[in-house]
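Engineer: Quick one, structure for this:
(3 chains)
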Amino acid sequence: MIMLPTPKKFFLTAAAAEGHSELTAFDNALLAGKIGNINLLKVSSILPPAAEYDPDLIIPPGSLVPTAYGFICSEVPGELIAAAVGVGFSADTFGVIMEFAGRCSRDEAAAKIESMLREAFASRGMELKDIKIAAVEHRVEKVGCALAAVPMYY
Amino acid sequence: MIMLPTPKKFFLTAAAAEGHSELTAFDNALLAGKIGNINLLKVSSILPPAAEYDPDLIIPPGSLVPTAYGFICSEVPGELIAAAVGVGFSADTFGVIMEFAGRCSRDEAAAKIESMLREAFASRGMELKDIKIAAVEHRVEKVGCALAAVPMYY
Amino acid sequence: MIMLPTPKKFFLTAAAAEGHSELTAFDNALLAGKIGNINLLKVSSILPPAAEYDPDLIIPPGSLVPTAYGFICSEVPGELIAAAVGVGFSADTFGVIMEFAGRCSRDEAAAKIESMLREAFASRGMELKDIKIAAVEHRVEKVGCALAAVPMYY
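Structural biologist: The predicted structure is shown next:
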């Protein structure tokens, strides 16, 4: 049976950047997060069973990469923006990924992620064994973007 | 020639739920719709030729699942929200999928879907042989989400 | 190693249309752009190394097609809307895709794309060898949609 292959590896990244426009600020934040030269395919948002954490994963340019992510762009100088992602791990099966971005601090974004992961595990009747979070905050200069992502690959 | 495999099976689902935040309400609606533990890849929105309707399709957790979907979240207690999807079938080739979500009733959402499917078939000069629709409405308590989806798999 | 296959071909398209609703206007714009009968998977936004330009690419209905795209729908009669996409090419490696849609003219949308591509190459320290742009503008009658896309296939 042929299907789309389920990802086997993942990492977390969070980064922020400025740009001349919202899309280039987003592009620059992807570059700062080391995922600027690949094709993100947005997914909602499960870590496949047995997927391995690999923070040194090298992905060839142009690859299609299933990725859970959240971001916020702002054109309001001085505004504080933040993005966070988190992975909640079970003992022996799939995990859950949550993402958040908003006008708040890094710590507030990370706290929201933790609380959403606890709710997601409670909803599934599953025990939450561990959490990994990546978060970033950014004070907008001209046009800023904060993003956080969990790229999943093979 | 290697390409992304075209889906061969599909089903329709519509569900609603509450959560502590919009993302967890969305997550709970996915769980209620039996698609909470997979990775939805949003597509726009064609049913491949010869795809079979399979309401009992089992999809392993973490799988990448091309899915046409619409949803609405609301934080306004008492508000009525609804989501609907529909598949329009031709006699012998591909079909068309439409999705809608808004502040309205289930019946209004379903009526919109039917009218959009008729327009989509007229635009293509194709005869609309049959329609399947799934729709849901939800009265918001605190933070609610209504979603409707056509997952496509293999 | 099994992964999602990296696209090998691409083309650019830009088109606009009217519809009875925003989603059917979008559907009609996809049809006008010759990508109405496939399943777009939205990607951000890299042209893989060695991908070939093929404006006559035929894609079977229902196929999953990684596509960078931007669109705008409007229900304001008389409003001018526009969408543009552009591909920036390097000498010997991957390229960058930018998309834009807004309430402006075709020329303004195309100029934005060119400037974003220049910024994207500068951010990467890469030389921009060539640019291809597709853009469209549309004066809204009732419900209009302008879209521009770079479908990538195999």
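
Engineer: C-alpha from now on. contacts and neighbour counts both.
Structural biologist: Noted.

Engineer: Can you pull the residues of chain A lying near chain C?
Structural biologist: Residues of chain A lying near chain C by CA under 8 Å from any CA of the partner chain: A:4-5, A:7, A:20-21, A:23-24, A:27-28, A:37-42, A:61-65, A:153-154.

Engineer: from chain A, which residue is nearest to chain C?
Structural biologist: Distance from chain C to each residue of chain A (CA to the nearest CA) is smallest for A:Gly62, at 4.0 Å.

Engineer: can you pull the pLDDT of A:Met1?
Structural biologist: Note for A:Met1: predicted pLDDT of 54.

Engineer: on that earlier part again, got a list of what the residue lying closest to the residue of chain A closest to chain C once chain neighbours are set aside touches?
Structural biologist: In space, A:Gly62 comes closest to C:Pro48 once its chain neighbours are excluded; the distance is 4.0 Å by CA to CA, 6 or more residues apart in numbering or on different chains. Listed by CA atoms under 8 Å, 6 or more residues apart in numbering or on different chains, the contact set of C:Pro48 reads A:Pro61, A:Gly62, A:Ser63, C:Thr6, C:Pro7, C:Lys8, C:Thr93, C:Phe94, C:Gly95.

Engineer: Can you lay out those residues as TSV showing pLDDT and neighbour count?
Structural biologist: Formatted as TSV, these follow (pLDDT from 0 to 100; neighbours: other CA atoms under 10 Å in any protein chain shown):
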residue	pLDDT	neighbour count
A:Pro61	97	19
A:Gly62	97	25
A:Ser63	98	22
C:Thr6	97	24
C:Pro7	97	24
C:Lys8	97	18
C:Thr93	97	14
C:Phe94	98	19
C:Gly95	98	28
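
Engineer: Now, those that are in helices?
Structural biologist: Among the contacts of C:Pro48, no member falls in helices (criterion: DSSP state H).

Engineer: Write out the residues of chain A neighbouring chain B.
Structural biologist: Going by CA under 8 Å from any CA, the residues of chain A near chain B are A:1-6, A:41-49, A:94, A:98, A:116, A:119-120, A:123.

Engineer: Now do the same contact list for A:Tyr154.
Structural biologist: For A:Tyr154, counting by CA under 8 Å, 6+ apart, the contacting residues are A:Pro7, A:Lys8, A:Lys9, C:Met1, C:Ile2, C:Met3.

Engineer: let's see 10 Å
Structural biologist: Counting by CA atoms under 10 Å, 6 or more residues apart in numbering or on different chains, A:Tyr154 touches A:5-10, A:51-52, A:57, A:59, A:65, C:1-4.

Engineer: can you tell me which of those residues lies nearest to chain B?
Structural biologist: Among the contacts of A:Tyr154, and counting by CA to the nearest CA, the member closest to chain B is A:Thr6, at 5.3 Å.

Engineer: I'd assumed B:Pro61 was in contact with the closest one.
Structural biologist: Yes - using CA atoms under 10 Å, A:Thr6 is in contact with B:Pro61, at 9.3 Å.

Engineer: List the residues that are in contact with both of those two.
Structural biologist: A:Leu47, A:Pro48, A:Pro49, B:Asn39.

Engineer: May I have stretch A:63-81 exported as PDB, CA atoms only?
Structural biologist: Once non-C-alpha atoms are left out, stretch A:63-81 reads as follows in PDB (Å, rounded to 0.1, in the frame of the first residue of the first chain):
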ATOM      1  CA  SER A  63      12.600  19.400   0.400                       C
ATOM      2  CA  LEU A  64       8.900  19.000   1.400                       C
ATOM      3  CA  VAL A  65       8.900  19.100   5.200                       C
ATOM      4  CA  PRO A  66       5.800  18.400   7.200                       C
ATOM      5  CA  THR A  67       5.900  21.100   9.900                       C
ATOM      6  CA  ALA A  68       3.700  22.300  12.700                       C
ATOM      7  CA  TYR A  69       4.300  26.000  13.200                       C
ATOM      8  CA  GLY A  70       2.900  29.300  14.500                       C
ATOM      9  CA  PHE A  71       4.000  32.800  13.700                       C
ATOM     10  CA  ILE A  72       3.100  36.400  14.100                       C
ATOM     11  CA  CYS A  73       4.200  39.400  12.100                       C
ATOM     12  CA  SER A  74       3.800  43.000  13.200                       C
ATOM     13  CA  GLU A  75       4.400  46.400  11.700                       C
ATOM     14  CA  VAL A  76       4.000  48.200  15.000                       C
ATOM     15  CA  PRO A  77       7.400  49.500  16.200                       C
ATOM     16  CA  GLY A  78       8.000  48.700  19.900                       C
ATOM     17  CA  GLU A  79       5.500  45.900  20.100                       C
ATOM     18  CA  LEU A  80       6.600  42.700  21.800                       C
ATOM     19  CA  ILE A  81       5.700  39.600  19.900                       C
END
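
Engineer: Going by neighbour count, list what's buried in that stretch.
Structural biologist: For stretch A:63-81, the neighbour count (16 or more other CA atoms under 10 Å in any protein chain shown) marks A:63-75, A:80-81 as buried.

Engineer: quick one: terminal-to-terminal distance for stretch A:136-151?
Structural biologist: In stretch A:136-151, first residue to last residue: 16 Å (CA to CA, to the nearest Å).

Engineer: Could you tell me how far that stretch lies from the centre of the chain?
Structural biologist: 12 Å (CA atoms, centre = their mean, to the nearest Å).
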